[in-house]
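**Student:** Requesting a structural model of the entry that follows:
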Amino acid sequence: MLSYFLRRLILVLPVAFGVSVVCFALVQIAPGDPLTAIMPVDATAEQQAAMRAAYGLDKPVPVQYLIWISNLLQGEMGRSIASGRPVADEVFGAVGNSLLLAAAAAVIAFPIGTFLGFLAGYFRDTLLDRAVTALSITGVSVPNYWLGIVLVIIFSVNLGWLPSMGAGPGGSQDWQWDWAHMRHLVLPAVTLAVVPIGIVARTVRALAGDILSMDFVTALYAKGLSRGDVLRHVARNAAATALSVMGLQLGYLLGGSILIETVFNWPGSGFLLSNAIFQRDLPLLQGTILVLAMFFVGMNLIVDVAQAAIDPRIKRS
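**Tutor:** Sure, this is the predicted structure:
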C-alpha cells in the first residue's frame, strides 16, 4: 500500500507543475492592465513604469513565472494589487470559509444521495425508482443560483426563519459553533448540496442496479446469506466508484461555488475569486486559482489511495 501511495505521489508532481503553468498562463493572456484599478488616471509614464516594476510586470513573462514559482516554493504568494494585503492571508482565509461551506454541503448531499440511489437501484424499474430518478434529474438541472434566490425569498424574506447572507453575526473571523452562526450556513449549504445529491443518487442507483443483477449476488442468496449481508457485499463493490464521484463532487463544492457565495455574500474562495476577476487583481487571481486547483489534485490523490484500500484490485492493476 505504501509503494502504491508513493507511486501516486510521484505522479502528482508533474500534474502540479502543469497546473501552475496553466494558472499563470491563463491569467497572463487575459485582456486588460491589472494596474488600471490602482493607478491614477493622470499618472505619468515614469509613474506607470515604476508601478509596473514594483509588481514585476516589466519583466518578460517567462521570467515573471520563474519568480512567481520560486516565491511560491518559499511560501510567498505576493501582495494583492487591490488591497495591498498578502495574497496568502486572503486566499487561505477564504478557502477556510469555503471548506466549511463545502463540508456542510457534503454532509447533506452524500448521505442523502447515497440513500436515494441505493433505494432506487434496489427497487429498479418501479415507481420509487422513477420518482428518485426524476428528483435527481431535477436537482442536477435546476440552476443553483436561482434556487438560492428562491430559498432566500421563502425562508428569509417571507418567513424570516433564516438569515439571507453573511457568515455570522461577527463575520467569518468570529465563527463559533452555535446556532447564531450556524443558521447562516443552512441556506447556502442546502443550495450547494442539491446538485451533488442528484449526481451521487444517479451514480449509486446505476452501480447498485448493475451489481444486484450480477451472478455472484444470486450465488450469495443461494448460499443462504440474509438480505442485509448481500447488501453489504453490494455496497462494498459499489464503494470504490461511488467514492471517486464523491471526491470529484467535493472538489466541485469547494471550487464551483462562486455563484452561491455571491448570492449569499459568503466570504469564501468563490466570492474572493469573483472580486479578483472584476478588479483584475493578478496576484490574488493566480493565488486563488492555484490553491483551488491544487485542492483538486490533492483530493484526487486521496480518492485514489482510498479506492485502493477499499478495492485491492485497483492496487494490483
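
**Student:** Which elements pack onto the longest helix belonging to the chain?
**Tutor:** When every helix of the chain is counted residue by residue (DSSP state H), the longest turns out to be helix 87-122. Contact here means 3 or more C-beta pairs under 8 Å, 6 or more residues apart in numbering; DSSP states H and E; on that basis helix 87-122 packs against helix 127-141, helix 179-212, helix 227-255, helix 258-263, helix 269-279, helix 282-310. For the C-beta atoms, the positions are set from N, CA and C on the backbone; glycine is no exception.

**Student:** who wins for proximity to E46 among these?
**Tutor:** Comparing the helices and strands packed on helix 87-122 by their distance to E46 (C-beta to C-beta), the top pick is helix 282-310, with 21.8 Å.

**Student:** Output the contacting helices and strands for the closest one.
**Tutor:** Packed against helix 282-310, as judged by 3+ C-beta pairs under 8 Å, 6+ apart, are the following elements: helix 2-28, helix 87-122, helix 227-255, helix 269-279, helix 312-316.

**Student:** Average pLDDT for the last one, rounded please.
**Tutor:** If I follow you right, that is helix 312-316. In this model, helix 312-316 has an average pLDDT of 60.

**Student:** With the third one instead?
**Tutor:** When the per-residue pLDDT values of helix 227-255 are averaged, the result is 82.

**Student:** just to revisit the earlier point, and the helices and strands packed on helix 87-122: which comes nearest Q48?
**Tutor:** Taking C-beta to C-beta as the criterion, Q48 comes closest to helix 282-310 out of the helices and strands packed on helix 87-122, the separation being 15.7 Å.

**Student:** and that closest one, which residues are buried?
**Tutor:** Neighbour-count burial for helix 282-310, counted by 16 or more other C-beta atoms under 10 Å, picks out 282-296, 299-301, 303-308, 310.

**Student:** Could you do stretch 87-104 as well?
**Tutor:** With burial defined by 16+ other C-beta under 10 Å, the residues of stretch 87-104 counted as buried are 87-88, 90-91, 93-95, 97-102, 104.

**Student:** what would these look like in a markdown table with distance to A180 and pLDDT?
**Tutor:** What follows is these, written out as a markdown table (distance: C-beta to C-beta, whole Å; pLDDT from 0 to 100):
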| residue | distance to A180 | pLDDT |
| --- | --- | --- |
| V87 | 31 | 83 |
| A88 | 30 | 84 |
| E90 | 26 | 83 |
| V91 | 27 | 85 |
| G93 | 21 | 83 |
| A94 | 22 | 84 |
| V95 | 24 | 84 |
| N97 | 17 | 86 |
| S98 | 21 | 86 |
| L99 | 21 | 87 |
| L100 | 15 | 87 |
| L101 | 17 | 88 |
| A102 | 21 | 89 |
| A104 | 16 | 91 |
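
**Student:** Identify the farthest-apart pair in the residues you listed.
**Tutor:** Spanning the widest gap among these are V87 and A104, at 26.1 Å by C-beta to C-beta.

**Student:** Quick check: I310 touching L243?
**Tutor:** Yes: contact status for I310 versus L243: in contact at 6.8 Å, counting by C-beta atoms under 8 Å.

**Student:** Would you mind giving the domain segments of this protein?
**Tutor:** With automatic domain parsing serving as the domain definition, the record reports that the chain contains domains spanning 2-73, 90-278.

**Student:** out of these, nearest to S80?
**Tutor:** domain 90-278 (6.1 Å).

**Student:** looking at the domains of the chain, which one has the lowest mean pLDDT?
**Tutor:** Mean pLDDT, when computed for each of the domains of the chain, is lowest for domain 2-73, at a mean of 75.
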